[in-house]
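[1] requesting a structural model of the entry that follows:
(2 chains)
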Amino acid sequence: MVDLQYLYPELVLFGFALISLIWGVLSSNKSLIASLAFTGLICALLLLPSTFDASTSAFSGLLVGDGFSAFFRALILLATALIIMLSMADLDILDEDKGEYYFFLLSLAVSLMLAVSSRNLLMIYVSVEAVSVLSYILVAYFKRDVFSSEAGIKYFLFGALSTGVMLYGISLLYGIFGNLDLLSISAAVAKASVVSPVFLIAIVFVLGGMAFKCSLVPFHMAAPDAYQGAPTPVSAFLSVGPKAMGFALLIRFLFTGDSPLIVQWSCLAQALAMITMTVGNMIALKQTNVKRMLAYSSIAHAGFMLIALAVGTSLGIKAILFYLFVYVFMNIGAFGSVIYTNREEISQYAGLSRKNPYAALMMTISLLSLAGLPPLSGFMAKFVVIAAAVQSKFYALAIVAVLNSVLALFYYLKIIKMMYLSKEDDASPLNISSVLTLVLTLTLVANLFLGIWPHGAIQWITLP
Amino acid sequence: MIPLLSSIVFLPLLGAVMLLLIPSQMVKLIRTVSVLITGSVLILSLYLMMHFDTSRMMMQFTEYHPWLSGLNIWYFVGVDGLSLGLVVLTALLGLIACLASMGIEQRVKEYFIFYLLLMTGMLGTFLALDLVLFYIFWEVVLIPMYFLIGIWGGPRREYAAVKFFLYTLAASVLMLVAILGVYFLSNPHTFNILELAYVGFAPHWQLILFCAFFLAFAVKVPVFPFHTWLPDAHVEAPTPISVLLAGVLLKMGGYGIFRICLPLFKHAAHELAYIVGILGAINVFYGACVAFAQTDFKKMIAYSSVSHMGFVLLGAASLTATGFNGAVLEMFNHGIITAGMFLLVGVLYDRAHTRELKLFGGLSSSMPIYAFCLTFLALASLGLPGLGGFVGEFLSLAAVFGVFPWLGVITVLGLVITVIYFLTMLGEVLLGAVNPKCSAYQEMNGRELWCVVPLMMIALIVGFYPHSVLQFQEAVLLSLSRLF
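    Numbering: from 1, shown residues only, chains lettered A, B, ... in the order given. Here you go, the predicted structure:
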């Protein structure tokens, strides 16, 4: 029973997921289901603090209750809450809404929360698989839409391959160490004098599975198609939720124990970081579809976060956490604006600043924040990451990173240019809804607040 | 006691927020609020000037509050002789350009919001004494400037705006890495510019960091070969924005060299002074040559800015008190004179809708007052003794001849070309056969005249009594030169 107490938020959330599934079958009042799902999230969020106890580990070590998992569970709940609000306003989802959408979304949140609070590879694998299956379904949620289905299939093929590879890596690790607990694996690695090739292969395979979730190059191929084809709120969630989970897992895997794996693997992470940023930004330059462009931008951001991981210091880890937190607001702000403006092609944004100054402003602030311009929150996030890199004397990495942010500005600016500078007018109607206005205003406040006065959010990060 | 410097910096921001709340149809109210705000900033900065103690070389009116204590970033602002002149210049041009903006008819509300945000960024850059705070203000300038050029500019405005944005951003992001490098190399770690001046960085680090900062400033100044954004931005920008671009934005680069490059990296400054001097001489000479070749009035003035900013580099490269005084004074004078020139180009453009020098002629008979103003400012700009421009250029040049005589020779050649192209321009526009089209042009109206007259008066006062400006900067620049 004590162990179960740790799972209260997840249990409550799953309970609400089931209720919304059943409710969807019984009743046709669609807006009620969304509100129900939202209530479930709030309940889970309220229950979360009571489960936080730094020393707990539940279910014989399968789950750990440290601050790290508490942070990620809160982050996932927050992101899901924002996504549910986005979904309430998305016209296409309103059409298809059968209740199962919210069931999938909440279950996805539960699996993400389980994944981030585990230190056991088996538990990690099971939750990652659950996350994957649910994301395939959500990407392909528009059953009658060709692009949505195609995106779902692509995402499934890449995803299944990468989780398969990861499972193979895990089985190899089990074969070597006879154990799946990360702490004991780390201790065994520290004692072993010779590193066997099998061990290296196992590590690479496990990292590959995690890298897919973070959409790092070269595991990024499926992401753009998935983001473009999926319902927009789902794209927003995929760019935030599974990505946060991917980084949480990478950190757990590479940093557990007294002699963490990152020491040997930093070089690989550095190389991947540089390649991911550059490839993501380069391809984003060419895009004409906003969702696809944001997909590549999210790949580039993953590369940026990977810098802080490669650095391997405690400042680096804190930088990733802060970056992910800020990223939730920036990215949901941008995707929210896409829903609000009801426009997916960049050319459709022409003259938006005159048609609806509010929408244009929200989009601009989110994009400039993603570009990392001060005084917005994206700047603070990048600042901390680069500080971590410079502190550990990774100067080349820092320089590549800042030059990449110039590259990134170029394509964010394309949309802003369309909205403010273009003389033409696009007549497509907007999708103005009060829930959406609320979400966008929230992200705007967060973007400004976390940039100008991030005091509470940044206090735990200290430069030496 | 109200914090004076913070009021100066954030009053325009407050104004921008106020404008946000005013409906966009109330154009008159929007204009009035903007003028009132920029006017109050000027009054505050004049008050600052009156109460500035010229005998002290320390920072004055400092405000020092913890901001992000974990990251060691402070809200630290202060003013000394180096920044005072530029703050007053910014406030003055801020009001004048605001008055000159009354002709903006399109999207008035957005225009003034961006305008006031720009003011906050510029004033903050000159007053910030914490490197991160400095960087934030430095970058804040870019966004409003991008919109101001991109929305209200000429035919190629989009290209010019993007070029300006990416050019300056690309150069300044390296400064961010350098700022963090400075932080982690200093002991104890700090972002405080004043404390960092006492940290002796290792020589090889000094060279690297100097270059990283210098690159960011060089693009803003602009130093050859990073100047190509300037003509585009100037030609496309609306008149008031050209005024601020030439009058204030270019000075941010020069100011950065004096505030950060020289005091923090003394050894590197010694090593690289010669290169900075060469770049300065190239700026003067090359800028003058290219200006001579222009047929577009505004482009000519833009290149003359490149040429004049060369004196700032030369003065800095001399590493002597005379040179420093000349350079800083030249920044002030150039701000005053070139702002006036751009206003006058704007006056002509409003009437003729062209800036081709060949299409004018004989304006002195139809617009005598205009002819007087243009002649006055052109003479001031080419460095006629008795007017402002002369003093700064003379001091820089005198210092350069003492240190790098050959560069002095090249510079003087550049000055000769400057005289030639300004006189040619005057001849083409004001003298010669009266172009029938030009005879119908209206004389300058009151608003246009009153924007230019204060600038002319200042140029005259500085020319006859340079001490009026030099007194503020002498003490601090003398102490800076003693470091070398």
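
[2] lowest-pLDDT helix or strand in the chain?
    Went with chain A since none was named. Counting by mean pLDDT, DSSP states H and E, chain A has its least confident helix or strand at helix A:91-96, which shows a mean of 69.

[3] um, chain B though
    helix B:363-366 (a mean of 82).

[4] which residues touch that one?
    Helix B:363-366 has contacts (CB atoms under 8 Å, 6 or more residues apart in numbering or on different chains) with B:L348, B:Y370, B:A371, B:V429, B:L430, B:L431, B:V434, B:C438, B:S439, B:A440, B:Y441, B:E443. Quick note: C-beta positions are derived from backbone N, CA and C, even for glycine.

[5] tell me the pLDDT of the fourth one.
    If you check B:V429, the pLDDT there is 85.

[6] can you check the first one too?
    Among the per-residue scores, B:L348 shows a pLDDT of 87.

[7] check contacts around it.
    B:L348 neighbours (CB under 8 Å, 6+ apart): B:F297, B:R355, B:F360, B:L363, B:Y370, B:V429.

[8] in what helix or strand does it lie?
    helix B:321-352 (DSSP states H and E).

[9] give me the low-pLDDT residue ranges for the chain?
    I'll assume chain A. A:1-2, A:52-56, A:91, A:94-98, A:193-194, A:464 (pLDDT under 70).

[10] meant chain B actually
    B:1.

[11] select the longest strand from it.
    If you go by DSSP state E, chain B has its longest strand at strand B:60-68.

[12] tell me how far the helix or strand just after it lies from the chain's centre.
    In the C-terminal direction, the helix or strand that comes right after strand B:60-68 (DSSP H and E) is strand B:73-79. Relative to the chain's own centre, strand B:73-79 is displaced by 22 Å; criterion: CA atoms, centre = their mean, to the nearest Å.

[13] next, the angle strand B:60-68 makes with strand B:73-79.
    If you take axes from the mean of the first three to the mean of the last three CA atoms, to 10 degrees, strand B:73-79 sits at 170 degrees to strand B:60-68.

[14] beyond the least confident helix or strand of chain B, next helix or strand please.
    Tracing the chain past helix B:363-366, the next element assigned as helix or strand by DSSP H and E is helix B:368-382.

[15] pull out the buried residues from that following helix.
    B:Y370, B:A371, B:C373, B:L374, B:T375, B:F376, B:L377, B:A378, B:L379, B:A380, B:S381, B:L382 (16 or more other CB atoms under 10 Å in any protein chain shown).

[16] re the thing from before, list buried residues within the contacts of helix B:363-366.
    Buried among the contacts of helix B:363-366 by 16+ other CB under 10 Å: B:L348, B:Y370, B:A371, B:V429, B:L430, B:C438, B:Y441.

[17] out of these, the closest to chain A would be?
    B:L348 (26.2 Å; CB to the nearest CB).

[18] how near is that closest one to B:M444?
    B:L348 is 10 Å from B:M444, where distance means CB to CB, to the nearest Å.

[19] identify the contacts common to these two.
    Contacts common to B:L348 and B:M444, judged by CB under 8 Å, 6+ apart, are B:Y370.

[20] could you find the closest non-adjacent residue to the residue positioned nearest the centre of chain A?
    The structure's chain A has its C-alpha centroid closest to A:V240; by CA atoms, centre = their mean the separation is 2.3 Å. Distances taken as CB to CB, 6 or more residues apart in numbering or on different chains place A:A79 nearest to A:V240, at 4.7 Å, with adjacent residues excluded.

[21] these two touch, right, B:L29 and B:I22?
    Yes: using CB atoms under 8 Å, B:L29 is in contact with B:I22, at 5.8 Å.

[22] pull the number of nearby residues for A:T313.
    By other CB atoms under 10 Å in any protein chain shown, 15 other residues sit near A:T313.

[23] hang on, it packs against A:A389?
    No: look at A:T313 against A:A389 with CB under 8 Å: they stay out of range, at 9.6 Å.

[24] residues of chain A that sit close to chain B?
    Residues of chain A lying close to chain B (CB under 8 Å from any CB of the partner chain) are A:353-354, A:368, A:373-375, A:379, A:383-384, A:386-387, A:390-391, A:395, A:398-399, A:402-403, A:405-406, A:409-410, A:413, A:417, A:420-421, A:454-455, A:458-464.

[25] narrow those residues to those in strands?
    Among the residues of chain A next to chain B, no member lies in strands (by DSSP E).

[26] can you select the buried ones from those residues in ChimeraX?
    Only the buried entries of these go into this ChimeraX selection, using 16+ other CB under 10 Å:
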select /A:353,368,373,374,375,379,383,384,386,387,390,391,398,399,402,403,405,406,409,410,413,417,420,421,454,458,461,463
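
[27] list the buried residues for the helix of greatest length in chain A?
    For chain A, the longest helix by residue count, based on DSSP state H, is helix A:146-177. Buried positions in helix A:146-177, judged by neighbour count with 16+ other CB under 10 Å: A:148-156, A:158-159, A:162-163, A:165-170, A:172-173, A:176-177.

[28] for residue 460, which non-adjacent residue is closest in space?
    Because you didn't say which chain, this covers chain A. A:K318 (6.6 Å).

[29] please refer instead to chain B.
    Using CB to CB, 6+ apart, the nearest residue to B:L460 is B:L387, at 6.5 Å.
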